[in-house]
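Undergrad: sharing a model prediction with you, sequence too.
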Amino acid sequence: MDEPRWVGARVSRIDAADKVTGRLKFMSDLSFPGMLWGAVLRSAHPHALIKKIDTSKAEAIDGVVAVLTHKDVPGLNGFGIVVPDQPVLCFDKVRYMGDAVALVAATSKEKASEALRAIEVEYEPLPVVDDPEEAMLESSPKVHADGNIHHHIKVERGDVDAAFREAAVVVENTYYTPRQMHAFMETESGVATMDEDGNITVWCGSQHPFRDQLQIARALGMNPRKIQVVSTPTGGAFGGKDEITVQIYLALLALRTGRPVKIVLSREESAVAGMKRHPMKIRMKTAAAADGTLLANEVRVVADTGAYASLGGPVVNLAIEHSCGAYRMPNVKLEGFCVYTNNGLAGAFRGFGANQVIFALETQIDMIAERLGMDRLEFRRKNALRQGDVAALGHTMTASVGAVATLDAASKCEIWVRREELKARPSAPHKKRGVGIATELHGCGLGVGLPDYGAATIELLPDGRFAVGVSCPEIGQGNTTAFAQMAADSLGCSVEDIVMVSGDSRYTLDSGTSTASRSVYTGGNAIRCAAARMREAIADVAAEALGAPREEIAFGRGSVEARSCPAGEPTRSAGRLSFREIACIAESKGRRLKTEGDFIWPVADRGVEGYFGLPHLIYSYITQVALVEVNTLTGEVEVLRAVSIPDPGKAINPVGIEAQSEGGVVMGMGYALMEDTVIEQGITKTPNFSTYIIPTSVDAPEIETIIVEELEPSGPFGAKGIGEAVCVPITPAITNAIHDATGIWITHIPATAERVYMALRKQAGEPAGA
Amino acid sequence: MSPRKLGYVVPETLREASEFLREHAEHARVIAGGTDVLVQLRRRPERGGADGLRWLVDISRIPGLAGVSSASGTIRIGALTTHEEIARNPIIRKGAPLLAEACASVGSPQIRARGTIGGNIMNASPAADTIPALVALSARVRLSDLGGTRDILITDIFEGPYRNSAQPGEVLVGVYFDALPPTCRSAFVKLGRREALAIARLSCAVVIERDGAGRVVRAAIAPGACLPMPAQVSSAEEILAGKVPDEATVDAAAREVAEEMVRRTGVRWSTDYKKPALEAIARRAIWRALGVNVE
């Protein structure tokens, strides 16, 4: 293969022009003739028995075409990626305010809303379970009949108690993390249509069209082949569209009415009904020897998963896996609980359990370094995992490991090198500056015990371009651009000659989810495989057409040629055929050149018995550094600068990595300083962006991204994944910077102005209320 | 969220508007830029939504209600003037810079381009950015009705959070205040949860006039988002009056602003934070109005 021309280049997104001009149609932009508006009746209580549902008044309204309840779900009345414990439409009880009780389809949005108000539901309220630790008690009311502890994981290795006895330093703290909202721009929305043969197409932003197809088919009691799911482009997802959102509602309404039906959730409905990041309470006890060697970590995580399972179990498993970060940790005792409550719904969210535990761990690491009088960065470097090391869960780190490389790069970045100088110059006397650092590793792919595969199709089009199909949807992360770059270099053509087909269950093969930092690695490997087969197919056609031996066919850019042509033949000049000519020749013989490629993820040498999804074999690494300024009079924290140093393996598109990095820094900054979905007694108090505060462009710091490439031999061109890691260590980098500035430790995020101010006052020895 | 059936009328004169508003009283509401009214319509009545509303009266086509003008030292701002216009207006930037600052800190560019000063006043939100500035300017508002107009002090238009004292039929047409002389400086400082699109958690507007010796001749201090009713804090103003302010004087005045807030609101769960934070905001605003930028 030639030197890559597109991979590694700063390529503009293939969808950029359509996005900035507004030409691009998201699923919620689609309209069809005769389309109805669908709407969902949500629960009126966070926890209640349903005594009676009367839809007669709603049905009588002019313009209302269908009103559906649980009786109208033909198949399994449940969905859920791991266990289908969430009813499509509730029948016996409701478990959170977002629970769906009925669906309507009407000729206008207004009629649909009117119909919702006309549905009469009689409830018998039940006590609200809103504290996960109380929920774990036997005496607590049950959200589900089989108890409130949905999932429990316990992993032990070595002897933590002995390590704590021998350690020079032991720090133990309790950390609290907020319920972060994905805050994607496009709310959960889509359209469903049905054709005259009863085939249903669901156009809906999501992260895994094939699993959606399965879950829709299961609820409708239909053959999945009769259901098509299209989910590219999606207007942001971040994990919040991994689970079913409105797909089943859309399909049920289309099936009932035979007409196109559209549902667009309002921001408020999305905020109440949609996924969130698990709030966690984390008890962490960490020990180190006098020379700075980390000895042990004891972790207890209690995660509030809300009303239904979704991916709560796997999130807690990954919190456990990531709770020792990018460090050697010979003795561990790790325990996690995933608990049902009536507090909304928590599930997949960029970082998938790592954000919470890395915040706790990286704070512990700074505390230990301070106690030992060691440099924070040196302490991290000393304990960082190297290739060949045994990780905390006992598996061997055989893939590429970039922990030390990203820390080395951090040690040379400007805000770290000049930190004392920068700290000495705050913008006002009552302001203090600090620099913080944090690092992590992040598992790529689904981990041990889960089917993790990819598949791609490549078709040579009549005009000589290639249609490349990968099902992992484009959710804004830029994977289709990376796929096109990898396909162009694998086929020997230009990015402009690649037509991406993405996120469509009819026109692509199942490549799994756009989650778990996996789609570039998965899709890329599948594309490489399909491309190699396409080159063989092209070579066959060329050899025959040129009358040359197969082994003499060589690939150029966009063309093939026979190295030495027999005398007098072929008639084509120089024995060269463009891909377009190849397509014409194949077509004239009634052939379309189309190949498939597949790929199965490698996994770690050992799993954790009794659990799935952990550990991982391949990890991305990242170190992030933040410069903050704290107003000691008001507690306000401003992030002035951030440096983000990811190791994504090969950076297929450095511009794409930078965009991920910048978005990740701002998302992790919101998590550190301002974001929290407040739920009181089961009621969401922050249902809109006027009350749920996320950073704006004006709040964003100056961000520098330094890419460190530790090539992964099993990855396409050496790539791993980077979608999640970029938003993780920035959070403790910011809170550690607050400590560096002021001496206070942040153990409860978000570090709002009040929390920072109160901590400053406590530090000064003034009682609260003085 | 419940949609509702609302009638929408677009009067072309103040008379038409007042007649309609009188007839429909509590069932009608004036709408101008819509940045508050439309948000409230989305809310359920039990969560502060506008219950019982049947009519929106769009006054944006009534001529003569927009723009800034100045005559013999008095500045007039028409009720329909947007935040964006006020923030950019040279008369305001010269004669009431704190109001320009307050308008520039409202919401986002989109909100500033639609939202009007009249709406900001009549919506009577405790967190409204223009109100502390107008209070510090001792502004008067003009209400128009079938019988003519009446002028009242800005502080008298408020009856409580989100409640104004206008009678059915009355339409706010403008706000008036004296242009600040060159011997005056002013400042508006706001504490939000983020740098843009932030609703004030606390704010403070300050106007200070000094004589040639640097003595404070006149001080007006109006905190925002923290008092039951918008007002000046005269006890803090008195601390500055007649003095050449030094650090101790400014600290004392700022502390008095915070203590007066506690006296007026009582101790709440948020007082532990709001009291010192308001003190810090007030101190910053006073120093800025003394020409010292402590940021």
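TA: Perfect, thanks for sending it. This structure is a prediction, so every number in the text was calculated from the model and none was measured.
Undergrad: anything in stretch A:683-690 near chain B?
TA: Yes - under the criterion of C-beta under 8 Å from any C-beta of the partner chain, stretch A:683-690 makes contact with chain B via A:S690. Bear in mind the C-beta positions are built from the backbone N, C-alpha and C, glycine included.
Undergrad: and the stretch 151-295 of chain B, which residues reach chain A?
TA: B:191, B:193-199, B:270-273, B:276-277, B:279-281, B:283, B:294-295.
Undergrad: show the buried residues in the residues you listed.
TA: B:191, B:193-194, B:197-199, B:271-273, B:276-277, B:279-281, B:283, B:294 (16 or more other C-beta atoms under 10 Å in any protein chain shown).
Undergrad: how far away is B:L99 from chain A?
TA: In this view, B:L99 and chain A are 21 Å apart by C-beta to the nearest C-beta, to the nearest Å.
Undergrad: that residue touches B:V135, doesn't it?
TA: No - contact status for B:L99 versus B:V135: not in contact, 10.8 Å apart, counting by C-beta atoms under 8 Å.
Undergrad: more crowded one of these two?
TA: Neighbours were counted for B:L99 and for B:V135 using other C-beta atoms under 10 Å in any protein chain shown; B:L99 has more, 32 against 25.
Undergrad: the strand or helix carrying A:V20: which residues count as buried?
TA: Per DSSP states H and E: A:V20 is located in helix A:16-21. Of all the residues in helix A:16-21, not one is buried under the rule 16+ other C-beta under 10 Å.
Undergrad: that helix: how far from the chain's middle?
TA: Relative to its parent chain, helix A:16-21 has a centroid offset of 24 Å by C-alpha atoms, centre = their mean, to the nearest Å.
Undergrad: would you list every one of the helices in the stretch 51-200 of chain B?
TA: According to DSSP state H, counting those that start in this stretch, the stretch 51-200 of chain B carries its helices in the segments B:83-88, B:90-95, B:97-104, B:109-114, B:117-123, B:130-136.
Undergrad: how deep is the closest residue to chain B within chain A tucked in, by neighbour count?
TA: Of all residues in chain A, A:L633 sits closest to chain B, at 3.5 Å by C-beta to the nearest C-beta. Neighbours of A:L633 under the rule other C-beta under 10 Å: 19.
Undergrad: check contacts around it.
TA: Applying C-beta atoms under 8 Å, 6 or more residues apart in numbering or on different chains to A:L633 gives the contacts A:430, B:276-277, B:279-280, B:283.
Undergrad: tell me the contacts of the nearest residue to A:D647 once chain neighbours are set aside?
TA: Once flanking residues are discounted, A:D647 sits nearest to A:G402: 2.9 Å by C-beta to C-beta, 6 or more residues apart in numbering or on different chains. Counting by C-beta under 8 Å, 6+ apart, A:G402 touches A:620-621, A:647, A:708, A:710.
Undergrad: just A:A115 next, same as before
TA: A:39, A:58, A:61, A:64, A:67, A:104, A:106.
Undergrad: ok so, going back, now, the residues of the stretch 151-295 of chain B next to chain A that are in strands?
TA: B:L191 (DSSP state E).
Undergrad: ok so, going back, please report how far the residue nearest to A:D647 lies from A:T742.
TA: 32 Å (C-beta to C-beta, to the nearest Å).
Undergrad: same deal with B:R43?
TA: B:R43 is 39 Å from A:T742, by C-beta to C-beta.
Undergrad: look at the two and report which has more neighbours.
TA: A:T742 (21 against 16).
Undergrad: pretty sure that one contacts A:V630?
TA: Yes - the pair A:T742 / A:V630 is scored as a contact, 5.4 Å apart, by C-beta under 8 Å.
Undergrad: would you mind listing what in chain A touches chain B?
TA: Going by C-beta under 8 Å from any C-beta, the residues of chain A near chain B are A:109-110, A:113-114, A:117, A:266, A:268-269, A:427-430, A:631, A:633-636, A:674, A:690, A:693, A:695-699, A:752-754, A:757-758, A:761, A:768-769.
Undergrad: so for the longest helix along chain A, what's the average pLDDT?
TA: Identified as the longest helix of chain A according to DSSP state H is helix A:519-546. Across helix A:519-546, pLDDT averages out at 97.
Undergrad: nearest spatial neighbour of B:L99, skipping sequence neighbours?
TA: That would be B:A133: by C-beta to C-beta, 6+ apart, it lies 4.4 Å from B:L99.
Undergrad: okay, and which of the residues of chain A next to chain B map to strands?
TA: Residues of the residues of chain A next to chain B located in strands (DSSP E): A:N631.
Undergrad: pLDDT weak spots in the chain?
TA: I'll assume chain A. A:1-2, A:564-574, A:767-770 (pLDDT under 70).
Undergrad: ah, no, chain B please
TA: B:1-4, B:44-50, B:295.
Undergrad: let me see the domain layout of it.
TA: For chain B, the structural domains run B:7-58, B:68-178, B:191-289, going by automatic domain parsing.
Undergrad: who are the contact partners of the residue nearest the centre of chain B?
TA: For chain B, the residue nearest the mean C-alpha position is B:I131 (1.4 Å; C-alpha atoms, centre = their mean). When contacts are counted by C-beta under 8 Å, 6+ apart, B:I131 touches B:120-121, B:154, B:222, B:224, B:230.
Undergrad: equivalent analysis for B:R15, please.
TA: Applying C-beta under 8 Å, 6+ apart, the residues near B:R15 are B:L146.
Undergrad: is it true that A:Q86 touches A:V94?
TA: No - in this structure, A:Q86 is not within contact of A:V94 by C-beta under 8 Å, at 11.3 Å.
Undergrad: more neighbours: these two, which one.
TA: A:V94 (27 against 23).
Undergrad: residues near the closest residue to the more buried one other than its chain neighbours, how many?
TA: With sequence-adjacent residues excluded and distances taken as C-beta to C-beta, 6+ apart, A:V94 is closest to A:S43, at 3.8 Å. Residues lying near A:S43 (other C-beta under 10 Å) number 25.
Undergrad: before we move on, what about B:K5?
TA: Neighbours of B:K5 (other C-beta under 10 Å): 7.
Undergrad: the residue nearest to B:L99 contacts B:F188, doesn't it?
TA: Yes - B:A133 is in contact with B:F188 according to C-beta under 8 Å; the separation is 5.4 Å.
Undergrad: which is the next helix or strand following the helix or strand in which A:L577 is found?
TA: Under the criterion of DSSP H and E, A:L577 resides in strand A:576-578. Helices and strands here follow DSSP H and E; after strand A:576-578, the next one along the chain is helix A:579-588.
Undergrad: name the helices or strands packed onto that next one?
TA: Judged by 3 or more C-beta pairs under 8 Å, 6 or more residues apart in numbering or on different chains; DSSP states H and E, helix A:579-588 is in contact with strand A:453-460, helix A:519-546, strand A:559-562.
Undergrad: hmm, try it at 10 Å
TA: strand A:453-460, helix A:519-546, strand A:559-562, strand A:576-578 (3 or more C-beta pairs under 10 Å, 6 or more residues apart in numbering or on different chains; DSSP states H and E).
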